[in-house]
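**Q** based on what follows, work out the 3D shape:
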Amino acid sequence: MPAYRHGGVLVWFGAFRDHCSFFPTAAIITEFGQALKGFTTTKGAIHFAAGNPLPAELVTAMVRARAEKVSRKTRPKGKV
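**A** Next up is the predicted model:
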């Protein structure tokens with residue numbers, strides 16, 4: 001499954017016969033729950049039709065939030 005990495009895996013994505021999926025992790029889906037109303041979500045994925053894609057601004061915000069979480073995990077202890 002394709003993924004974007006930057007200090008760790010940020011997000012995954014995939015296309016299937018009847019939908020596309022974006023996998024930003026469960027924490028990000030929870031954080032952006034209100035903005036994802038109207039899309040089908042699971043614990044770790046957001047499903048959408050090719051004709052009804054996720055808004056680019058929302059994807060950007062989720063990737064930035066995920067990058068911050070990964071960055072916090074990969075910083076050496078005691079560094080801010």
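**Q** Glu68 versus the residue nearest the centre of the chain, what's the distance?
**A** Closest to where the C-alpha atoms of the chain average out (C-alpha atoms, centre = their mean) is Pro24, at 2.1 Å. Remark: distance between Pro24 and Glu68 (C-beta to C-beta, to the nearest Å) = 12 Å. Bear in mind the C-beta positions are built from the backbone N, C-alpha and C, glycine included.
**Q** same deal with Leu36?
**A** Look at Leu36 and Glu68: by C-beta to C-beta, they are 18 Å apart.
**Q** quick one: buried residues of the longest strand seen in the chain?
**A** Assignment by DSSP state E gives strand 9-15 as the longest strand of the chain. For strand 9-15, the neighbour count (16 or more other C-beta atoms under 10 Å) marks Leu10, Val11, Trp12, Phe13 as buried.
**Q** quick one, what contacts the second one?
**A** Each residue near Val11 by C-beta atoms under 8 Å, 6 or more residues apart in numbering is listed here: Ala3, Tyr4, Phe22, Phe23, Pro24, Thr25, Met62, Val63, Arg66.
**Q** now, which of the residues you listed sits nearest Phe32?
**A** Proximity of those to Phe32 (C-beta to C-beta) peaks at Met62, which lies at 5.7 Å.
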